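Peer 1: Coordinates only, no sequence provided:
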């Protein structure tokens with residue numbers, strides 16, 4: 001049953017108490033950039049002296065939050081080889097937006113989660129990292145979102161980076177109210193239902209099942225305020241059977257694999273038909289057109305990124321080839337070359353979150369320039385493929 005009244009406890013409404021048999025679960029709903037949340041987490045843990053403290057973190061996010069010099073061990077070349085550059089960029093954009101809000105309020109994002117862990121350690125209380133692996137969450141969210149909604153999401157994130165709107169502690173307290181957050185979650189569900197299902201609903205299930213399995217009879221769980229309603233509901237249900245499914249990264253659809261290889265197949269087939277019908281000289285002219293149509297826009301993209309001359313040359317050389325295979329894109333080649341010839345220094349890793357919130361920062365910071373050398377030549381190659389493909393196919397008729 002749920003105890004709506006906080007019996008003998010002088011806590012705000014951010015704290016909810018749930019009883020499951022002999023187990024008492026004290027949920028603390030926090031805003032990840034609120035001083036009040038930091039103080040509340042510390043106070044509740046000290047007052048309750050629970051058997052275990054559960055936090056809305058996975059191993060990867062905990063390591064990122066707790067290691068101040070984490071950037072020094074980041075291997076960009078390895079990230080590019082594993083084709084995880086877009087995931088890193090997405091994470092940095094989210095972190096930059098949260099840090100900007102945190103700077104306005106004088107507290108770093110996720111501080112209350114670290115405080116929960118440290119307070120538990122100081123009082124020799126067991127700790128459980130209860131969130132799903134962030135890489136699984138991001139991959140599932142990306143897989144579940146349509147192409148057009150991906151574009152909308154990326155555009156919204158970029159717009160958020162340059163937003164200068166000030167947020168006050170009073171406004172943050174409004175956002176923490178359960179009824180308002182429920183309304184916000186409903187709005188998210190209407191606009192991006194697939195994203196809400198992965199980021200909110202699935203994680204509500206995952207967090208609740210991990211909280212249930214935490215050791216001890218009295219548990220304090222520190223989670224984002226937006227999860228409180230969903231977790232309260234999930235705790236009263238048996239959702240263990242869903243854990244395997246929501247913990248897996250969905251495979252790439254066979255349709256996308258077919259579509260990925262269909263482009264080079266159509267281009268090669270068209271060139272073959274042109275050679276047979278109009279001669280090898282005309283086919284050769286079409287090949288040259290394909291090379292120029294791909295190489296020039298891609299190299300222009302590298303120039304706009306102010307990339308190294310070697311990167312610009314690699315864009316021209318790689319785009320015509322990578323456009324004929326779905327295995328690797330031109331952007332990954334140019335990003336790898338840019339890292340080799342102009343590797344970012346530690347200072348630029350440390351200032352990247354501030355630099356990416358200004359337009360000039362993207363061109364001054366060498367790490368952000370790697371992302372520009374990834375995005376812009378890739379975009380140029382995509383445009384060139386459309387132009388070159390249209391020209392070749394039109395020459396069939």
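Peer 2: Yep, that arrived. Here the structure is a predicted model, which means the values were calculated and not measured.

Peer 1: Could you use CA atoms for every contact and neighbour count after this?
Peer 2: Noted.

Peer 1: Could you list the low-pLDDT ranges of this protein?
Peer 2: Flagging of the chain using pLDDT under 70 yields the residue ranges 1-8, 32-33, 67-73, 97-109, 150, 153, 156-157, 160-191, 256.

Peer 1: Looking at it, which helix is longest?
Peer 2: Secondary structure of the chain per DSSP state H: the longest helix is helix 366-394.

Peer 1: helices or strands up against that helix?
Peer 2: helix 254-278, helix 280-304, helix 309-322, helix 330-341, helix 346-350, helix 361-364 (3 or more Cα pairs under 8 Å, 6 or more residues apart in numbering; DSSP states H and E).

Peer 1: ok, and for that helix, which residues are buried?
Peer 2: Buried positions in helix 366-394, judged by neighbour count with 16 or more other Cα atoms under 10 Å: 366-385, 388-389, 392-393.

Peer 1: what's the answer for stretch 214-231, then?
Peer 2: Within stretch 214-231, the residues that count as buried by 16+ other Cα under 10 Å are 214-215, 217-231.

Peer 1: which ones among those are found in strands?
Peer 2: Counting by DSSP state E, the part of the buried residues of stretch 214-231 found in strands is 218, 219, 220, 221, 222, 223, 224.

Peer 1: nearest to residue 325, of those?
Peer 2: Closest approach between those and residue 325, by Cα to Cα: residue 224, at 42.2 Å.

Peer 1: The closest one is in contact with residue 29, isn't it?
Peer 2: Yes - applying Cα atoms under 8 Å, one finds residue 224 in contact with residue 29, separated by 5.2 Å.

Peer 1: Now residue 55. Its backbone dihedrals?
Peer 2: Backbone torsions for residue 55, taken as degrees, to the nearest 10, come to phi -130, psi 150.

Peer 1: in the sheet, who's paired with the nearest residue to it once chain neighbours are set aside?
Peer 2: Of all residues not flanking residue 55 in the chain, residue 222 sits nearest, at 4.8 Å (Cα to Cα, 6 or more residues apart in numbering). Taking DSSP bridges as the rule, residue 222 bridges to residue 28, residue 55.

Peer 1: I figured residue 222 was touching residue 54, is that so?
Peer 2: Yes - with contacts counted by Cα under 8 Å, residue 222 reaches residue 54, the gap being 6.1 Å.

Peer 1: count of neighbours near residue 258?
Peer 2: When neighbours are counted by other Cα atoms under 10 Å, residue 258 registers 11.

Peer 1: now it: how far from residue 252?
Peer 2: Separation of residue 258 from residue 252 (Cα to Cα, to the nearest Å): 11 Å.

Peer 1: and residue 389, what does it touch?
Peer 2: The contact partners of residue 389, taken as Cα atoms under 8 Å, 6 or more residues apart in numbering, are 267, 290.

Peer 1: how far away is it from residue 28?
Peer 2: Look at residue 389 and residue 28: by Cα to Cα, they are 56 Å apart.

Peer 1: what do you get for residue 331?
Peer 2: Between residue 331 and residue 28 the distance is 43 Å, computed by Cα to Cα.

Peer 1: likewise residue 90?
Peer 2: Separation of residue 90 from residue 28 (Cα to Cα) stands at 28 Å.

Peer 1: Give me the more crowded residue out of those two.
Peer 2: Counted by other Cα under 10 Å, residue 90 and residue 28 do not tie: residue 28 has more neighbours, with 25 against 15.

Peer 1: Please verify my assumption that that one contacts residue 39.
Peer 2: No - using Cα under 8 Å, residue 28 is not in contact with residue 39, being 11.5 Å away.

Peer 1: Find residues that contact each of these two.
Peer 2: In contact with both residue 28 and residue 39: no residue, using Cα under 8 Å, 6+ apart.

Peer 1: how many other residues sit next to residue 123?
Peer 2: Using other Cα under 10 Å, residue 123 is surrounded by 12 other residues.

Peer 1: what's the answer for the one 4 residues further on, then?
Peer 2: Residues contacting residue 127 under the criterion other Cα under 10 Å number 21.

Peer 1: One more: residue 34?
Peer 2: The burial count assigned to residue 34 is 24, neighbours taken as other Cα under 10 Å.

Peer 1: Relative to residue 272, how far out is it?
Peer 2: Taking Cα to Cα, one finds residue 34 at 64 Å from residue 272.

Peer 1: Equivalent analysis for residue 95, please.
Peer 2: According to Cα to Cα, residue 95 stands 49 Å off from residue 272.

Peer 1: before we move on, what about residue 222?
Peer 2: Separation of residue 222 from residue 272 (Cα to Cα) stands at 63 Å.

Peer 1: Please apply the same query to residue 346.
Peer 2: Using Cα to Cα, residue 346 is found at 51 Å from residue 272.

Peer 1: So which residues of the stretch 1-150 of the chain form strands?
Peer 2: 2-3, 15-20, 23-30, 52-55, 126-129 (DSSP state E, counting those that start in this stretch).

Peer 1: Quickly compare those and say which is most buried.
Peer 2: Most buried of the strands of the stretch 1-150 of the chain, by mean neighbour count (mean count of other Cα atoms under 10 Å): strand 52-55, with a mean of 26.

Peer 1: List the contacts of that one.
Peer 2: By Cα under 8 Å, 6+ apart, the residues outside strand 52-55 that reach it are 45, 113, 116-117, 120, 125-131, 211, 214-216, 218-223.
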